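> sequence first, predicted model second:
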Amino acid sequence: MSTRAPLAERFAAARPRLLRLAYSQLGDLGEAEDVVQEAWLRLESAGADRIDDLDAWLTTVVGRLSLDALRSARARRERYVGPWLPEPVVTPVAAATPPPDPADRVTLDESVSYALLAVLEQLSPAERTAFVLHDVFDVPFAEVGEIVGRTPESARQLASRARRHVTASRPRRPVEAAEHRRLVEAFARATAEGDMAAMLEILDPDVTFTADGGGRVIAARKPLHGAARVAKAWIAINSGTARAAPRGIVDLNGRAGLVTAAANGEPSVLAFTVDDGRIVRIDVIRNPDKLRRRG
């Protein structure tokens, strides 16, 4: 796009990337949208004629605003009721055309998979920012250092520590999208049929089930570990509340997930992490504040 194009057009072209950047740092699409809107207001005040490299300038502004928002959010999340999980970006797989909101393009980018967002929650704000900026968005360490308020070498060390943690926590043998979906569909069938044997075939022995209700709806306050315990819990949940509940496969941050509904209509979104052909993590988002954008 020409540098002479109207400022609003140039910002609109950059917006999907900026939103992915802010969302990757924050794990909260609503806060990410607020950050990107603030970047636009600052750009209007600054004036494009005084900016040599608009993309770099916007990346720096969004990176700093996201870091500030993340630091503030960490304090709130420490007071959160139960586990805090990232907000999912959910799109019905049967949608004929993509939704018009550019925010939905986040779902098309593997760099912001839900599994990665869940791992990033364990990092410090500075580590997360350095990793996201450099490893995901290819921002040079000189610019990363400016954003996090460190030297380039310190920024490199932050990203290195984060990378080691991410590598240790992410699936060692990830599967293709089709295999991921097959396992999600198998999970849905097994829970609907109360088939314990089928559940144990697809769950990793050390699988973890985490639920986020935020104190707004009923949800387990602590993660549940182990295939047998998780399988029993899900079969019990299904038999008690979901006989008439619709179950649907959705696109959740680029991979297959599930949407379920309890008998009272309260929805849940299930994100799955798969490693070496088995489900190793199930994240259940029930907080209605995080499901407002559900397709």
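Received, thanks. Numbering: from 1, shown residues only.
> any idea which helix or strand carries the nearest residue to residue 14 once chain neighbours are set aside?
Nearest residue to residue 14, sequence neighbours excluded (CB to CB, 6 or more residues apart in numbering): residue 58, at 5.5 Å. Any C-beta I mention is one placed from the backbone N, CA and C, and that applies to glycine too. Using DSSP states H and E, residue 58 sits in helix 54-78.
> outside of that helix, which residues touch it?
Residues outside helix 54-78 that contact it (CB atoms under 8 Å, 6 or more residues apart in numbering) are 3, 10-11, 14, 18, 21-22, 25-26, 28, 31-32, 34-36, 38-39, 42-43, 46, 48, 51, 84, 125-126, 128-129, 133, 137, 139, 143-144, 146-148.
> what are the ranges of the strands in the stretch 101-250 of the chain?
203-212, 224-225, 247-252 (DSSP state E, counting those that start in this stretch).
> mean pLDDT lowest where, among those strands?
Least confident of the strands of the stretch 101-250 of the chain, judged by mean pLDDT, is strand 247-252 with a mean of 88.
> pairing partners for it, with directions?
Paired neighbours of strand 247-252 in the sheet (DSSP bridges): strand 90-92 (antiparallel), strand 255-261 (antiparallel).
> check the offset of it from the chain's centre.
How far strand 247-252 lies from its chain's middle: 15 Å, per CA atoms, centre = their mean, to the nearest Å.
> which outside residues touch it?
For strand 247-252, contacts defined as CB under 8 Å, 6+ apart pick out 88-93, 107, 114, 181, 184-185, 188, 192, 256-260, 269, 271, 295.
> same thing but at 10 Å, please
88-95, 104, 107-108, 113-114, 177, 181, 184-185, 187-189, 191-192, 238, 256-261, 269-272, 283, 285, 294-295 (CB atoms under 10 Å, 6 or more residues apart in numbering).
> give me the domain ranges for this protein.
7-169, 177-290 (automatic domain parsing).
> for the longest one, what is the average pLDDT?
Read it as domain 7-169. For domain 7-169, mean pLDDT rounds to 88.
> centre of the chain to that domain, how far?
11 Å.
> can you measure across that domain, start residue to end residue?
By CA to CA, to the nearest Å, the extent of domain 7-169 from end to end equals 41 Å.
> what sits against residue 215?
By CB under 10 Å, 6+ apart, the contact list for residue 215 reads 80-82, 221, 287.
> got JSON lines for those residues, with neighbour count too?
Output for the contacts of residue 215, formatted as JSON lines (neighbours: other CB atoms under 10 Å):
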{"residue": "80", "neighbour count": "14"}
{"residue": "81", "neighbour count": "13"}
{"residue": "82", "neighbour count": "18"}
{"residue": "221", "neighbour count": "10"}
{"residue": "287", "neighbour count": "23"}
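> identify those among those that sit within strands.
Among the contacts of residue 215, no member is found in strands (DSSP state E).
> can you put the residues you listed in TSV and add distance to residue 233?
Converted to TSV, those look like this (distance: CB to CB, whole Å):
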residue	distance to residue 233
80	22
81	20
82	15
221	14
287	19
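> neighbours of residue 50, how many?
7 (other CB atoms under 10 Å).
> and it, how far from residue 57?
9 Å (CB to CB, to the nearest Å).
> with residue 84 instead?
Here the criterion is CB to CB. By it, residue 84 lies 32 Å from residue 57.
> kindly check the end-to-end length of stretch 249-266 for me.
17 Å.
> list the buried ones in that stretch?
Judged by neighbour count using 16 or more other CB atoms under 10 Å, the buried positions of stretch 249-266 are 249-262, 266.
> circling back to that earlier point, out of the strands paired with strand 247-252, which gets nearest to residue 170?
Proximity to residue 170 (CB to CB) singles out strand 255-261 among those, at 13.3 Å.
> who does whichever helix or strand comes after that closest one pair up with?
Reading on from strand 255-261 to the C-terminus, the next helix or strand found by DSSP H and E is strand 267-275. Using DSSP bridges, strand 267-275 pairs in its sheet with strand 255-261 (antiparallel), strand 278-285 (antiparallel).
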